[in-house]
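Undergrad: Structure, please.
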Amino acid sequence: MDRLPALREPAFRNLFAGQALSRLGDRIAPIALAFGVIESGGSAGDLGLVVAAGSIPFALFALAAGVYGDRIPRRSVMLASDAVRAVVQCATGVLLLTGNAEVWQLAALAAVYGTADAFFWPAMNGLLPETIESDRLQEANALFGGTQSMSNILGPVIAGILIVAVDPGGAILLDAATFVVSIFFLLRIGAGALGAGGGTDESFLDQLRGGWREVRSRTWVSTGLIALAAYHVIVLPAVFVLGPILALRELHGVRDWALIVTGFGVGSVVGQVLIYKVRFKRPLRASFIGFVIASSQAAIIGSNLPVGAIAALEAVTGVAVSVAFTLWEMSLQQHIPSRALSRVSSYDFTASAGLMPIGLALAGPIADAVGLHATLRLMSVIGMASALACLAVPAVRELTGPEQRSRSGDALDLARADE
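TA: Model (predicted):
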């Protein structure tokens, strides 16, 4: 712990321990579910239905979830979400293991899971700053980012082993167990170590409107959300949809695509190490420089370079993605009052994960209409232009770290950076 001083703080250490394993499960479960649907006799359309059933509730409920993350104690929201997701994954795993799974059942369970997931993340983003001293917040975010990056590398490998060894249902049962572990560590965080949370007399609608006011009153937040939406809707479909298609058509299929993805994963781990060690005077400016570089992913994938060169360049974008997202989230945590942080985070999730299915659905038809390589180049051009436009806003370029933020976030309602 001497080299990881953030882990000296008991509340953060318990939060980190529970989430490190849970995030690995989050990367195992989607792969296992996909194979489970297919092995149960489902078609590609059936798989799309199950995936949509899980993603649509996230988009629908994220803003409401943000209100509840600020309205009641965040740890309570997270415990409830973990409990629901553990039960859902247990049911899904048992259905698959016993051979009784039907597509409608898996879709219904995925919808419940997606709803619980929507409530977890705004609460999580609000809870993190309550568990760590303000001068360790960058290190804390880097540690969480590192676990996510490692999960992105290890999750698919472990999923493949488990699917072969114990069936997709067994892999999903392991994911259920990770939520139980998360509950155990959340319960170890004493309520006295956290901000009070909740306790407001405002109505739900008043708090919902208040969250939008917090976003709208800060130019750097509202501008940043537009750029994040462009990255998720326009650039990331190149990775999730068009990249695998290109690998199958023009490269050596899964083998080459795995090499490219691994390169990105290694870069993302390096990026988190960089964030842990380097202090940024203007973290938001560094974040959107990262988004400019990250948006080149699509063009790199469609560059016709040798696979090794593509993987190496993707490693560079992996560093940029780590810097971009980690410093963006840290900026929100540093500058948004604790009482509103979950609501503002919910707009972040809505603009990113909530809108991404639109891009995933449109990427294939657009590529068929205008050509795969032309679409990939256009994706990068638009994504980079959006990030550069965000950097052109003075409130984004000039935002600096706060002087000090109290543990509960109530001591400093940091003046809106663009006022």
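Undergrad: which residues are contacting stretch 206-222?
TA: With C-beta atoms under 8 Å, 6 or more residues apart in numbering as the test, stretch 206-222 has contacts from 63-64, 66-67, 70-71, 200, 202, 225, 284, 331-332, 335-337, 340, 343-344, 346-347, 393, 395-396, 399, 416-419. Any C-beta I mention is one placed from the backbone N, CA and C, and that applies to glycine too.
Undergrad: Now, these that are in helices?
TA: Within these, residues falling in helices by DSSP state H are 63-64, 66-67, 70-71, 225, 284, 331-332, 335, 343-344, 346-347, 395-396.
Undergrad: Return the distance of Ala11 relative to Leu341.
TA: In this view, Ala11 and Leu341 are 16 Å apart by C-beta to C-beta, to the nearest Å.
Undergrad: more neighbours, these two?
TA: For the pair Ala11 and Leu341, the greater number of neighbours falls to Leu341 (29 against 20), based on other C-beta atoms under 10 Å.
Undergrad: Listing request: residues of the stretch 151-300 of the chain with sub-threshold pLDDT.
TA: The stretch 151-300 of the chain contains residues with pLDDT under 70 at 191-200.
Undergrad: Swap in 50 and give it another go.
TA: Counting by pLDDT under 50, the stretch 151-300 of the chain has low-confidence residues at 196.
Undergrad: give the contact list for the residue nearest to the spatial centre of the chain.
TA: Most central in the chain under C-alpha atoms, centre = their mean is Ala353, positioned 7.4 Å from the mean C-alpha point. Going by C-beta under 8 Å, 6+ apart, Ala353 touches Ser55, Phe58, Ala59, Ala62, His232.
Undergrad: Which stretches in the stretch 201-350 of the chain count as strands?
TA: When assigned using DSSP state E, counting those that start in this stretch, the stretch 201-350 of the chain turns out to have no strands.
Undergrad: where along it do the helices fall?
TA: Ranges of helices in the stretch 201-350 of the chain, per DSSP state H, counting those that start in this stretch, are 204-216, 219-230, 236-237, 243-250, 254-277, 283-294, 297-301, 307-335, 341-349.
Undergrad: between these, which gets nearest to Val87?
TA: Set against Val87 and scored by C-beta to C-beta, the helices of the stretch 201-350 of the chain come closest in helix 341-349, at 22.8 Å.
Undergrad: The closest one: how far from the chain's middle?
TA: Helix 341-349 sits 12 Å away from the centroid of its parent chain (C-alpha atoms, centre = their mean, to the nearest Å).
Undergrad: So what angle separates the directions of it and helix 307-335?
TA: Here helix 341-349 runs at an angle of 150 degrees relative to helix 307-335 (axes from the mean of the first three to the mean of the last three C-alpha atoms, to 10 degrees).
Undergrad: For the helix or strand following helix 341-349, buried residues please.
TA: The helix or strand immediately downstream of helix 341-349 is helix 356-370, counting by DSSP states H and E. Along helix 356-370, these residues count as buried under the neighbour rule (16 or more other C-beta atoms under 10 Å): Met356, Pro357, Gly359, Leu360, Ala363, Ile366, Ala367.
Undergrad: what's the closest non-adjacent residue to Ile382?
TA: Closest residue in space to Ile382, ignoring its immediate chain neighbours: Ile234 at 5.1 Å, by C-beta to C-beta, 6 or more residues apart in numbering.
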